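> Could you look at this predicted model? Sequence included:
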Amino acid sequence: MSNKKENYELLFDRKKYQLLIGGLCITALGFLLMIGGGSPDPNVFNPEIFSFRRITLAPILVLLGFAVQLYAIFSKKAAQSEGAGKSK
């Protein structure tokens, strides 16, 4: 058996994980803002279903959350100075 110690590096750094979680929270907030507005009686129209919050604000937040997540995934890692990321 060899006592070889292998160094594994995470796929993303801390900032990218924070951006991913932030984007996920923004997306979830957008979906939460879409909830509601239904009428208990199907014969009665409730104009709240077409409010600014549900028609404009919530979809913008969902798309913004997806954009933040895509940016976090596709942005390149910050260049490390030579030898700064390696330990012996």
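Here it is on my side, so go on. Numbering: from 1, shown residues only.

> Of all the residues in the longest helix seen in the chain, which ones are buried?
When the chain is parsed with DSSP state H, its longest helix is helix 14-34. Of the residues in helix 14-34, K16, L19, L20, G23, I26, T27, G30, L33 count as buried by neighbour count, 16 or more other CB atoms under 10 Å. The way it works is simple: take the backbone N, C-alpha and C, and place the C-beta from them, glycine included.

> Quick check: L33 touching A58?
Yes: assessed by CB atoms under 8 Å, L33 is found in contact with A58 at 3.9 Å.

> Mind pulling the model confidence for the most centrally placed residue in the chain?
With distances taken as CA atoms, centre = their mean, G23 lies nearest the centre of the chain, 2.2 Å away. We have a pLDDT of 98 for G23.

> before we move on, what about L33?
94.

> Ok, S51 next?
Value for S51, per-residue pLDDT: 91.

> Okay, it and A67: tell me how far apart.
24 Å (CB to CB, to the nearest Å).

> Output the below-cut-off pLDDT ranges for this structure.
Applying pLDDT under 70 to the chain picks out residues 1-2, 78-88.

> try 90
For the chain, applying pLDDT under 90 flags the ranges 1-12, 36-50, 76-88.

> what's the closest non-adjacent residue to E48?
G37 (4.5 Å; CB to CB, 6 or more residues apart in numbering).

> List the contacts of the one you found.
N46, E48, I49, S51, R54 (CB atoms under 8 Å, 6 or more residues apart in numbering).

> returning to that earlier point: and for the longest helix of the chain, what are the contacting residues?
Contacts of helix 14-34 with the rest of the structure, by CB under 8 Å, 6+ apart, involve 12, 53-54, 57-69, 71-73, 75.

> Turn the buried residues of helix 14-34 into TSV, including distance to K4.
Converted to TSV, these look like this (distance: CB to CB, whole Å):
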residue	distance to K4
K16	29
L19	34
L20	32
G23	38
I26	43
T27	42
G30	48
L33	52
